[in-house]
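*Asks:* Okay, sequence plus prediction incoming.
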Amino acid sequence: MNAADRVIKIVCETGDVAHGCAKRVELEGLPPLAVFNVDGEFYVTDDTCTHGDASLCEGEVEDGIVECPFHQGAFDVRSGKVVSAPCSIPLKTYDVIVTNGTVAVELGE
Ligand code: FES
């Protein structure tokens, strides 16, 4: 993919998401996103669980693992990998750029 095919969208400020917490963000043209702060590192995934229509931002986050509030499936927010059933489909993750207190995602066109 060429650099010209990449689009950067600002998601939120780093100060909007406390350590160990998550924030749901809705941007035009994208599914709802979840921004996670794991020990000062920011990760962005889809907010909707791959098992059902749950907002992962409403789940518990511990050590980079988010537990879905509906059926307690879990994902590693750093990789999107499934950690616990009943989830079986990985969570979509986004390339994150943090600059000057701003969290952005880099998207392919
Ligand atoms: S909806 Fe998330 S585990 Fe079922």
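*Replies:* Structure's in. What do you need?
*Asks:* Helices of this structure, residue ranges please.
*Replies:* Counting by DSSP state H, one finds no helices in the chain.
*Asks:* So which bits of it are right by the ligand?
*Replies:* 49, 51-52, 54, 68, 70-71, 73, 86-87 (C-beta under 6 Å from any ligand atom). In short, each C-beta sits where N, CA and C put it, glycine included.
*Asks:* Make a ChimeraX selection of whichever of those residues turn out to be buried.
*Replies:* Listed next is the ChimeraX selection for buried residues among the residues of the chain next to the ligand, using 16 or more other C-beta atoms under 10 Å:
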select :49,51,54,68,70,73,87
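*Asks:* And the residue of the protein closest to the ligand?
*Replies:* Gly52 (2.7 Å; C-beta to the nearest ligand atom).
*Asks:* I'd assumed Pro69 was in contact with that residue.
*Replies:* No: taking contacts as C-beta atoms under 8 Å, Gly52 lies outside contact range of Pro69: 10.2 Å.
*Asks:* Pretty sure Thr48 sits against Leu33.
*Replies:* No: Thr48 is beyond contact range of Leu33, at 9.6 Å (criterion: C-beta under 8 Å).
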